[in-house]
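Trainee: this is a predicted model, with the sequence first.
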Amino acid sequence: MFTNSTILVTGGTGSWGIELIKQLLSFDPRKITILSRNENRQVTMRRNFDDTKLNYCIGDIRDKEAMNLACSGVDYVFHLAALKHVPICEENPLEAIKTNVLGTHNIIEASIENKVKKVIYVSTDKAADPANTYGMTKALGEKLILHANEANSTTKFLCLRGGNVLGSSGSVLPLFLKQLEEKNQISITDKRMTRYFVTPQHAIKTLLQAAELGTGGEIFVMHMNACKILDLAEVLIDFFEKKDVKIVEIGARSGEKIHEVLIAENEEPLASVFNEDLIRISPNFSSSTVSALPTNLLNANQKLMTKKEILDLLTEGGFLNKLN
């Protein structure tokens with residue numbers, strides 16, 4: 001699918017973007033354009049990727065003209081760019097709307113104008129039954145993408161909804177590792193809190209599956225089990241054999257939920273198991289395509305990872321060599 005194709009990745013210098021570029025290069029595309037606002041990250045990426053297929057573009061998805069130029073001659077768009085940190089979006093809701101909603105609208109219009117074959121929008125579990133500005137703006141982004149697919153016959157649009165990528169900038173894992181190393185202490189917002197985690201490698205493998213197999217109009221959801229944040233902290237403490245570590249409960253931040261969900265209750269009748277990695281939420285109810293989800297995937301039966309499973313996930317992602 002991607003061989004000899006031209007690809008645009010918005011937000012391409014972020015955690016998802018870097019791993020996506022690594023995996024896309026294995027398909028031997030003609031060109032990959034990495035679009036982001038962050039000049040320093042682009043400089044770093046140029047140094048780390050020595051490949052003539054990569055093209056770097058400073059740009060902002062809020063800029064409609066710039067997006068139109070960026071989409072010229074493009075076959076596939078992976079739309080990753082977003083304001084993603086929950087507290088930042090809570091404090092700056094208008095900015096979150098400009099980037100996550102209006103920016104997505106600009107990508108849609110530019111893709112249709114330039115007859116892009118397929119647009120893959122990376123969403124988040126926080127868009128399911130959203131309780132904060134970030135989740136609400138990403139949910140609106142999903143709605144725009146699905147509407148664009150219905151209104152346009154040339155370009156196909158689909159969504160992939162994932163959880164938290166382990167080790168991404170500003171996320172809990174690097175924070176815990178830093179706190180362990182520097183303070184022998186871990187701060188947890190609420191000891192009851194659970195989150196869905198995935199390694200960057202698995203996230204991108206699943207994203208590429210959805211991109212290839214999606215026909216347009218779907219929301220794909222990654223198969224994931226939730227992780228208790230307290231268990232994650234204790235796994236790190238045990239692995240690094242830290243003694244007398246203090247776990248401090250500091251209280252949930254504005255907009256945070258104790259438990260996330262992958263699929264909203266109203267979406268459950270539309271959801272079915274697509275394959276071992278993906279759940280598919282159909283755009284419309286159809287008795288011929290919809291099947292009941294297994295009990296463990298329903299919100300009322302959230303399955304938590306064991307500490308052994310958390311340790312295996314951290315090992316798979318290569319995160320257990322961060323401390324001496």
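Mentor: Noted; the coordinates are in hand.

Trainee: what about the strands in the chain?
Mentor: Counting by DSSP state E, residue ranges of the strands within the chain are 6-10, 31-36, 54-58, 76-79, 118-124, 156-162, 164-165, 185-188, 194-198, 219-222, 226-228, 246-249, 271-273, 278-281.

Trainee: next one: the fourth one to chain centre, how far?
Mentor: Spelled out, it's strand 76-79. Centroid separation between strand 76-79 and its chain, computed with Cα atoms, centre = their mean, to the nearest Å, is 13 Å.

Trainee: what's the answer for the second one, then?
Mentor: The gap between the average C-alpha position of strand 31-36 and the chain average comes to 18 Å, counting by Cα atoms, centre = their mean.

Trainee: which outside residues touch that strand?
Mentor: Contacting residues not belonging to strand 31-36 are listed as 6-14, 17, 21, 24-25, 42, 45, 53-59, 61, 70, 74, 81 [Cβ atoms under 8 Å, 6 or more residues apart in numbering]. C-beta here means a position set from N, CA and C on the backbone, and glycine is covered the same way.

Trainee: just give me the longest helix of this structure.
Mentor: Longest among the helix segments of the chain by residue count, using DSSP state H, is helix 133-151.

Trainee: work out the gap between that one and the centre of the chain.
Mentor: Relative to its chain's centre, helix 133-151 lies at 14 Å (Cα atoms, centre = their mean).

Trainee: what residues does that helix touch?
Mentor: Contact with helix 133-151 is made by 82-86, 89-90, 93, 96-97, 99-101, 104-105, 108, 112, 119, 121, 123-124, 126-128, 130, 155-159, 161, 216-217, 219, 255, 283, as judged by Cβ under 8 Å, 6+ apart.

Trainee: can you check stretch 109-116 too?
Mentor: By Cβ under 8 Å, 6+ apart, stretch 109-116 touches 64, 67-68, 70-77, 119, 148, 152, 154-155, 157.

Trainee: and the residues you listed, which are buried?
Mentor: 67-68, 70-71, 74-77, 119, 148, 152, 155, 157 (16 or more other Cβ atoms under 10 Å).

Trainee: quick check, residue 84 in contact with residue 124.
Mentor: Yes. Counting by Cβ atoms under 8 Å, residue 84 touches residue 124, with 7.5 Å between them.

Trainee: can you give me the helices for the chain?
Mentor: 15-25, 39-48, 64-70, 86-91, 93-96, 103-113, 133-151, 172-183, 200-213, 229-239, 307-316.

Trainee: neighbours of residue 178, how many?
Mentor: Counted with other Cβ atoms under 10 Å, residues neighbouring residue 178 total 13.

Trainee: now swap in residue 248 and tell me
Mentor: For residue 248, using other Cβ under 10 Å, the count is 10.

Trainee: in contact with it, which residues?
Mentor: 185, 186, 187, 188.

Trainee: neighbour-wise, which one of the residues you listed leads?
Mentor: residue 186 (24 neighbours).

Trainee: which phi and psi does the nearest residue to residue 198 once chain neighbours are set aside have?
Mentor: Using Cβ to Cβ, 6 or more residues apart in numbering and skipping the chain neighbours, the partner closest in space to residue 198 is residue 163 (5.3 Å). Dihedral pair for residue 163: phi -100, psi -150, per degrees, to the nearest 10.

Trainee: do I have it right that residue 163 meets residue 261?
Mentor: No. Using Cβ under 8 Å, residue 163 is not in contact with residue 261, being 10.6 Å away.

Trainee: for those two, list the residues in contact with both.
Mentor: residue 125.

Trainee: surely residue 122 and residue 79 touch.
Mentor: Yes. Applying Cβ under 8 Å, one finds residue 122 in contact with residue 79, separated by 6.6 Å.

Trainee: so which of residue 84 and residue 124 has more stuff around it?
Mentor: The neighbour comparison of residue 84 against residue 124 (other Cβ under 10 Å) goes to residue 84, with 25 against 22.

Trainee: I appreciate the help and will end here.
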